[in-house]
Each structure stands twice: as C-alpha cells, then as structure tokens.
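K.L.:
when you get a sec, could you give me coordinates for this:
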Amino acid sequence: MTLVEQAHKILKDNGSRWTKQRQQMIEILAEHPDHYIDFTDVDQRLRKDNPGLSYGTVYRNLKEFESLGIVETRQADERMQVKVCCDSNHHHHFICDVCGRVQEIQMPPIDYAFFAKQLPGAKINGHTFELHGICANCQAKKKTTK
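P.N.:
Numbering: from 1, shown residues only. Here you go, the predicted structure:
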C-alpha cells in the first residue's frame, strides 16, 4: 500500500473527508518520504494549484494529519517542517546534515521519573529525540571525492 493509500485509509477509518487538496498534500510529502519538507514549501505548492485555498486551511489539515499520525512535524531554524509517516507509533530519528535524509532509530524507553526529579512540580507530556550527523551514503561519497 502506498503512502497516499495509507493516508486515505487512516482518514477514512477516523471519519475524516478525503479531498483533492488533502490528496495533493500527501502526494507532495510522499515525493520525499525520508525527508522533512518546509511547511511553507508545501503550502506554496498547494496554493499554486488551488488559488482559493488559505494558509489557515492548509495548516488545519496539517494539524489533523499530525493528530492522526499521518505526518510528523518539527521545528528547524524557526521553520516548521513536515514529513509523511502514516505511523502513529512514537519513534526517533537520525537526520543527515548533508543530504537531509531521515532514518528511524530505536531507543530504549525514557524514564520520565528520572527527569521529573530534576523538575519539581513540572508535568512532562512527551519528548523528541534526534541524532544528527552524516549518513553512510554521504560518508561514502565524501571518501570517494578525496
């Protein structure tokens, strides 16, 4: 099943509508399934093909997709980035600083009690974890250019 088909199924299973614009948004993201894309780029591409579409509508769709586990978002250099995932399971990433490729990584469970002791009175709601570096492909290319 393609990412577009998976997203369609998730929306349908949750009683959400499948519109031409929602399909286009997923198709744009599915072009680069292993990379984060700046939300402004997605918004501009959608609104180029759909001039009457507002930024707010695109943003609300993104947030609904995120709540259903169709996409994940992150902040990078004060920009919101989005990546299609169609997986509501919590996971972590390695992000290549050269090519931007995103790879899922496994990590042992986080012990929130350990952190709560350092933050008396605080309530921890979740976490994000990213490793950054140079992926094996970029490392290999780097070695061959020397």
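K.L.:
got the domain ranges for the protein?
P.N.:
As recorded under automatic domain parsing, the domains making up the chain are 3-84, 92-144.
K.L.:
where among those domains is average confidence lowest?
P.N.:
Within the domains of the chain, confidence is poorest for domain 92-144, with a mean of 85 (mean pLDDT).
K.L.:
who does the helix or strand hosting His93 touch, helix- and strand-wise?
P.N.:
Using DSSP states H and E, His93 maps to strand 92-96. Here strand 92-96 touches strand 102-105, strand 130-133, going by 3 or more Cβ pairs under 8 Å, 6 or more residues apart in numbering; DSSP states H and E. In short, each C-beta sits where N, CA and C put it, glycine included.
K.L.:
what strands line up against that strand, and which way round?
P.N.:
Note on strand 92-96: by DSSP bridges, its sheet partners are strand 102-105 (antiparallel), strand 130-133 (parallel).
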